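In: Requesting a structural model of the entry that follows:
(3 chains)
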Amino acid sequence: MAIDIESRTSVYDEEGRAVEELVLNVGPSHPSTHGVCRIIAHLDGEVVTKAEPVIGYLHRGIEKMAENRTYLQIVPLTDRLDYVGSMYANWAYCRAVERLAGIGVPERAEYLRVITCELQRVASHMMSIGSTGADTGAFTMFVYAFDVRERVIELFEALTGSRLTYNYVRPGGVAADAPEGWLDDVRRVVGQMPARLTELDRLFFGNTIARGRLKGIGVLDVPTAIAWGASGPVARGSGVGWDLRKSDTYSLYPRFDFDVPVGERGDAYDRARVRLWESVESCRIIEQALDQIEPGHVKAPGLPRLLKPRPGDAYDHIESARGSLGIYLVSDGSPRPYRMKVRSPAFCNLALLPLLAPGHTMSDLVVILGSLDPVFGEVDR
Amino acid sequence: MSGLLWGMLFGLLAGTAIALAALFGVWWERKVAGRIQMRFGPQEAGPAGLLQTLADTIKLVLKEDITPRLADKRLFRVAPLVVFTPVAMSLAVIPFAKGWAPLDTSVGVLFFLAVPSISVLGILLGGWASGNSYATLGGMRGAAQMVSYEVPRTLAVLSVVVLAGTLRPTLLLGRFQWWWLIATFAGFVVYLISSIAEMNRGPFDLAEAESELVAGYFADYSGIRWAVFMMTEYGSVLAASLFGAATFLGGGWPFGGLLGVVALLVKAVLITTLIIWVKWTLPRMRADQLMRLCWTVLTPIALVQLLIVGAVVPWL
Amino acid sequence: MNIDELREHLCATYPDLCPLFSIEFGDGVLIVDRGRYWSAAKDLRDLGFDRLGMITAVDGIDDFEIVARLTAREIGAHIFLKTHVPRDEPAIETLTDLWPAADWQEREVYDMFGISFRGHPDMRRILLPDDWVGHPLRKDYRDERIIRRPDYI
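Out: This is a model prediction of the structure:
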């Protein structure tokens, strides 16, 4: 990215000295934009005075494509929304379809959904925490976090055959029952996880330099978080105890005993720590689910081959790793949805960047962006 | 005339030594980093992956040498050499054994501390001449950082110089006594930290900061010129490790002769490993934190160290 | 708070909004006129709906339907606020002054449907390039690059 000397704006300070503002194009292809995002950063020396995200580089028109497919054909599309946590969009979409078409889900399928989605939360948070490490220059942290993520991905590979886009949750249940011994594997992996997460905590969050880099960076206060519709760890890092699993509980979550970790200061450190604690809580949920799960069907009986929900609209949401992920479906009675809207938490959280970045240095800009944890498949859709 | 010949010969030797050290250094770093990250590191090319770096070097040499359109072409091309040459020069005064250094001069310590500072110019040039905002930022950061860290580094080395009472590295090596290890330990730590900052390596690699500035001052370099920058990095690791081992750790002590040289090299490799270890464990600091560390922590420690040594010397 | 309590609460506070309230798939829906949209949103915010989940639009061929989903965290209730915007004059008041969260979402609606929001601080396209022609999520959007999937059903 070359400096366009002409485009540099010359301004004068009170004493008449020429002050040059450097306009830096961060991205769309930059190691720390976590995908294809461009940030137009105005720099005064090292200090960011204005940061404007430019998004849409990954826009594939999934909402338009959905209008052209049957309800079942859309499930693979939802995989491509949040490609770090495909299970969530699967589930949110299926919940909306089930609500629209009035489909009940067998209990075993719900348990499998909870187990996979909580595993997905661990995997997704590891991506986020690892890239927080990579953003601050601790690449070893990234590798350690990815080691944890890899265990989960291996489980998903055994369950669904895919490592990234699972297409597992289907309207009325899940694609297939867990293979023999899979639940035992989950128990084994989840049993090892808290120790690994503690190790990560000590390796990174206990480090003086890491604390110095994350604490007090990108402080988001509670009124702003609520007014700007922040959700997920971004809101909880600020102390907003808003977790759909608790406050607007769905599926089997009332049956599990778990805590919703919240931060105090709302800085990048708290957001990252909240993700780590949440992963530990997810392990608790998975262990309880493994204790409770019973054999049974994984697909609602009597599902039609072609879903034709009655006309109307339905919205349903789940708590994804990034926040409240909602799908709004409008049906006109035909086999294809009339309109599908994805309420993307990453999109809403990313809108906070212009608020959080000014006043911090260029080094902090990437940390703040990382702490918002945007996944551009979901931001751009 | 013989001085010129000797100089040329040494230049050739130093260049080869740095190239070899860089080859070994990159391999060693990859191996150590691999172990730290639960990986194996390179293991396919050659025994234990030893030839991996050579293969990479061949690839780098064969790559196209790109000069960006907006770059100041002459400065852009000369910058890698301005960075590399002083580092290579600084190797000349390192005392490998008692009484022997490639360039045995009475101001050797000063030479070692002063000459690599010229690299700052090259970093600044490279950053500016690229015509790239990231590179400019990286160059500025690098310059600010290297100029600042000169101070604690020099003060730390000064404590050994005061103990030895000479600026001639070969004499300094000869006068080493075991209790200097304890007396100058704080100085050694300061020297090590500020040397890491001087050579722009993690956790002080703000000038290249791949996650913020992509690669900082050498973002636009490719092929052989980029390789020269990389070689400079390993050259400075080598120089700092050797010099640290020679001044603070007593060089070949407790051995003499050829065994002493081996001991010096082992100590240098240990210091190198420490530098690699630090880089692959710690996150990067921010510019303001870096400066705070330099001026409020390292410089006072170095000064106190100098004070203690200065108080001890009259009683010797 | 369940949906019936929400209805009572709403009717007690704002009697004029009461007949517009209905329940669809277990969600409260409030369909208002275009002129009442902003003030209804304000009333709802004063009622405790402090969080704007999403704003989107649906192309209803004759007109556009604006759908805003609001959440009251304190009382644990959700509501849909809907209104209709005529096709020949696609414009409506912005909600950014009530919930800043509407900022990007309204830009997206503008981008995809061409509905402009009056009073929005930065009414530009957000996902598509600035020079894009047309608004893709409109049902009458045509682009020869769109490949229609063969009808297997």
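
In: Just list the residues touching residue 248, thanks.
Out: Going with chain A. Going by C-beta atoms under 8 Å, 6 or more residues apart in numbering or on different chains, A:Asp248 touches A:317, C:76, C:78. In short, each C-beta sits where N, CA and C put it, glycine included.

In: try chain B instead
Out: Contact analysis of B:Phe248 by C-beta under 8 Å, 6+ apart lists B:160, B:180-181, B:184, B:187-188, B:191.

In: and the residue in chain A that chain B sits nearest to, how many neighbours does it have?
Out: Nearest to chain B in chain A, going by C-beta to the nearest C-beta, is A:Gly137, at a distance of 2.9 Å. A:Gly137 has 25 neighbours, counted by other C-beta atoms under 10 Å in any protein chain shown.

In: residues in contact with it?
Out: A:Gly137 makes contacts with B:202-203, B:205, B:209-211, B:282-284, as judged by C-beta under 8 Å, 6+ apart.

In: any low-confidence regions in the chain?
Out: Here I'm looking at chain A. Counting by pLDDT under 70, chain A has low-confidence residues at A:1-19.

In: Chain B is the one I meant
Out: Per-residue confidence for chain B (pLDDT under 70) gives these ranges: B:1.

In: Quick check, the residue in it closest to chain A?
Out: Closest to chain A within chain B is B:Arg284: 2.9 Å, counting by C-beta to the nearest C-beta.

In: thinking that residue is in contact with B:Phe204, fair?
Out: Yes. Using C-beta atoms under 8 Å, B:Arg284 is in contact with B:Phe204, at 7.5 Å.

In: Mind giving me the packing neighbours of whichever helix in chain A runs longest?
Out: In chain A, with assignment by DSSP state H, the single longest helix is helix A:107-135. When contacts are defined as 3 or more C-beta pairs under 8 Å, 6 or more residues apart in numbering or on different chains; DSSP states H and E, helix A:107-135 sits against helix A:86-101, helix A:139-160, strand A:173-174, helix A:182-200, helix A:268-292, strand A:312-320, helix A:362-372.

In: got JSON lines for those, with mean neighbour count and distance to C:Leu137 too?
Out: Formatted as JSON lines, the helices and strands packed on helix A:107-135 follow (neighbours: other C-beta atoms under 10 Å in any protein chain shown; distance: least, C-beta to C-beta, whole Å):
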{"stretch": "helix A:86-101", "mean neighbour count": "26", "distance to C:Leu137": "18"}
{"stretch": "helix A:139-160", "mean neighbour count": "20", "distance to C:Leu137": "31"}
{"stretch": "strand A:173-174", "mean neighbour count": "26", "distance to C:Leu137": "30"}
{"stretch": "helix A:182-200", "mean neighbour count": "16", "distance to C:Leu137": "40"}
{"stretch": "helix A:268-292", "mean neighbour count": "22", "distance to C:Leu137": "32"}
{"stretch": "strand A:312-320", "mean neighbour count": "24", "distance to C:Leu137": "15"}
{"stretch": "helix A:362-372", "mean neighbour count": "27", "distance to C:Leu137": "26"}
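
In: which one of the ones you listed lies closest to A:Ala300?
Out: Of all those, strand A:173-174 sits nearest to A:Ala300, with 5.6 Å by C-beta to C-beta.

In: Just list what that closest one packs against, helices and strands only.
Out: Counting contacts by 3+ C-beta pairs under 8 Å, 6+ apart, strand A:173-174 packs against helix A:107-135.

In: where's the helix it packs on relative to the chain centroid, distance-wise?
Out: Computed by C-alpha atoms, centre = their mean, to the nearest Å, the chain-centroid distance of helix A:107-135 equals 9 Å.

In: What residues of whichever strand or helix holds B:Leu20 count as buried?
Out: Element membership of B:Leu20, judged by DSSP states H and E, is helix B:2-36. Buried residues in helix B:2-36, counting neighbours by 16 or more other C-beta atoms under 10 Å in any protein chain shown, are found at B:10, B:14-15, B:17-19, B:21-34, B:36.
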